[in-house]
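[1] following is a predicted model, sequence given first.
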Amino acid sequence: MALEIVVPVYNEAAILEKSITRLADYLSQEMFCSWKITIADNSSTDGTGVISQRLASEIPNVGYRRLEVKGRGLALRDAWGASEAKVLAYVDVDLSTDLAALPPLIAPLLSGHSDVSIGTRLRHSSRVVRGTKREFISRSYNLLLRRTMQVGFSDAQCGFKAIRADVAKRLLPFVEDNSWFFDTELLILAERAGLRIHEIPVDWIDDPDSRVDIKQTALDDIRGLVRVAGSMLRGSIPLQAIYAELGRGPIVAPVRPSFFGQVVRFGLVGALSTVAFAVLFLLLQGPLEAQQANFAALLITAVGNTAANRRFTFAIRGPQRLWTHQFQGLVVFTLAWSITASSLAILHAVSPEVAPNMELLVLTAANVLATLLRFALLRLWVFRLRRADDGRITVVTGTRQPAV
C-alpha cells in the first residue's frame, strides 16, 4: 500500500457521505498509486458510525475505525499506527482544501525526497477564502509559533498533511497531545529532529459551519507550546537520537566565519535588532509604561537575536543545544536589560518629565553598550567553539565522518 488517507470525524453525519464519495472519486481518477481511505470516528454520537460502515462496505478501498474516546489527534494516532501504507496522510472531512493539492503533497514522500509534507494557506501563491477574524488568529498563532519555537514551516494548522510511515513510527510516541495541538507538536518535533518538511500552497475555503472553539483551541495551543518547550529543555525527548537516525544533516559541516566576519555579521544582526527594538518600544509605549515597554521589546528581540546570531553569525545549524543556546541567550538578555533599565532609571531620576524621544535616545545608547557585551558573551560563552565544531568533522546525511 502506497498511501492511506485518514479522515478524522466527530458527529459529521451531515457531510460525511458527500465528502468521502468526492475524495474516493478523486483518488480513483487522479492518484496513480495504491491507496486507501480510513474514516477515523472518535466517539461520534449521531449517525456518523452507521454512514461510515455503509460507505466502507459500498466503496472500494474505504475502511472504518471507531474509538470510544474523543480527540482528533488520538484518532490520527490510532489509524496511522495500524496502517501498513508507506505514506500516511489526513484531510479534514469538510474538504476545505482543494484536492488538486494531493498529488504534490504526496509525491515528495513517495520519492523519499522529504519526510513530512504540509499544505499551507499562508504563502503568497495560496488562495484562501475566510473571515478576517480567523485569518488574523491563524496568522498571529503561526507568527507566535515561529518566533517562540524557532521553526521554519509557515502553517501548522491546515488540515492537510502527510508523513512517511517510518518517520511517524519514530515520532508519534513522543507526541503527547491527542487533540488539536497534535499537528503542531508533530511538526515541531520533526523540524527539531532535522527532518525535511515540504510545504505546498493550497486553495482553501473556510467551512462556515465549523464547530471548532477558536478561543479554547488557542489557549490549548499556547499551553502546548509551553509544555513542548519545557520537554525540550529537560531533554525528555531524544531529539539527538532521532536526528542521528532520520535527520538530514548538512552534506558538509559549515565553516565558521573569521573573527572579522563574525563582527560584521553580528553588527548587521545587531543593527536590525536595534531597529526592531525601537519600533517595538514605540508601539508598546502607549499601552505599557516605559520600563514595561523596554522589557517587552528587549525580550522579543532577544529571542530573534539569539536565533539569528546562532545561524548567521556563528554558522550553527541543527537541533544540537538549541534550547541551551536560547536559555543562555536569555541570560545575556537579562544583563542587557539591566544596563538599559538602569540607564532609564537614572534618566527619570534626573528628569522625571523626560520626553519619549529622549528616552529612546538614552535607551539606544545603552543598547550599543549592551550589544558589545552581548557579542563577547555570545562568542566566548554561548556559541564558543567546541571540539566537535572545529571543522574537523564532516556531517554527511546525518552521520559523522572524519573529514578528508
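    That came in fine, so what should we check first?
[2] what about the helices in the protein?
    Using DSSP state H, the helices of the chain run over residues 16-30, 48-58, 72-82, 102-110, 132-149, 165-171, 182-192, 214-234, 239-246, 259-284, 290-308, 322-350, 356-377.
[3] out of those, which one sits most buried?
    Comparing these by mean neighbour count (mean count of other Cβ atoms under 10 Å), helix 182-192 ranks first with a mean of 23. No exception for glycine: its C-beta is placed from N, CA and C like everyone else's.
[4] any chance of CSV for the helices of the chain, columns distance to Cys158?
    Shown next, in CSV, are those (distance: least, Cβ to Cβ, whole Å):
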stretch, distance to Cys158
helix 16-30, 17
helix 48-58, 23
helix 72-82, 14
helix 102-110, 11
helix 132-149, 9
helix 165-171, 18
helix 182-192, 8
helix 214-234, 14
helix 239-246, 23
helix 259-284, 28
helix 290-308, 24
helix 322-350, 25
helix 356-377, 37
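[5] adding mean pLDDT and distance to Ala2, write those out as a markdown table.
    Shown next, in a markdown table, are the helices of the chain (pLDDT from 0 to 100; distance: least, Cβ to Cβ, whole Å):
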| stretch | mean pLDDT | distance to Ala2 |
| --- | --- | --- |
| helix 16-30 | 96 | 11 |
| helix 48-58 | 96 | 20 |
| helix 72-82 | 94 | 15 |
| helix 102-110 | 96 | 6 |
| helix 132-149 | 82 | 30 |
| helix 165-171 | 95 | 10 |
| helix 182-192 | 93 | 21 |
| helix 214-234 | 81 | 31 |
| helix 239-246 | 85 | 20 |
| helix 259-284 | 85 | 45 |
| helix 290-308 | 82 | 38 |
| helix 322-350 | 83 | 34 |
| helix 356-377 | 83 | 51 |
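[6] list the contacts of the residue of the chain positioned farthest from its centre.
    Most distant from the centre of the chain: Val350, at 46.0 Å, with distances by Cα atoms, centre = their mean. By Cβ atoms under 8 Å, 6 or more residues apart in numbering, no residues touch Val350.
[7] how close does it sit to Leu145?
    42 Å (Cβ to Cβ, to the nearest Å).
[8] what do you get for Ala376?
    For Ala376, the distance to Leu145 - Cβ to Cβ - is 32 Å.
[9] and Ser338, by the same measure?
    29 Å.
[10] also Lys86?
    29 Å.
[11] put the alpha carbons of stretch 222-231 into PDB.
    Extracted in PDB, the C-alpha atoms of stretch 222-231 (Å, rounded to 0.1, in the frame of the first residue of the first chain):
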ATOM      1  CA  ILE A 222      -0.300  28.100  23.900                       C
ATOM      2  CA  ARG A 223      -0.300  25.600  26.800                       C
ATOM      3  CA  GLY A 224       1.000  23.000  24.400                       C
ATOM      4  CA  LEU A 225       3.800  25.300  23.200                       C
ATOM      5  CA  VAL A 226       4.900  25.800  26.800                       C
ATOM      6  CA  ARG A 227       4.800  22.100  27.500                       C
ATOM      7  CA  VAL A 228       6.800  21.200  24.400                       C
ATOM      8  CA  ALA A 229       9.400  23.800  25.100                       C
ATOM      9  CA  GLY A 230       9.800  22.500  28.700                       C
ATOM     10  CA  SER A 231      10.200  19.000  27.500                       C
END
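[12] ok, and what's touching it?
    With Cβ under 8 Å, 6+ apart as the criterion, stretch 222-231 contacts 144-145, 148-149, 176-177, 181, 184-185, 188-189, 237, 323.
[13] rerun at 7 Å
    145, 148-149, 177, 181, 184-185, 188, 237 (Cβ atoms under 7 Å, 6 or more residues apart in numbering).
[14] again, but for stretch 376-383
    262, 309-310, 314, 316, 325, 328-329, 332.
[15] report the two of those separated the most.
    Farthest-apart pair in the contacts of stretch 376-383 is Gln262 and Gln328; separation 16.9 Å (Cβ to Cβ).
[16] one step back: tell me how far the residue farthest from the centre of the chain lies from Ala366.
    Taken as Cβ to Cβ, the span from Val350 to Ala366 is 14 Å.
[17] same question for Glu17.
    66 Å.
[18] same check, this time on Ile137
    For Ile137 relative to Ala366 (Cβ to Cβ), the value is 36 Å.
[19] what's the answer for Asp46, then?
    Relative to Ala366, Asp46 is positioned 62 Å away (Cβ to Cβ).
[20] if anything else comes up later, I'll come back, but that's it for now.
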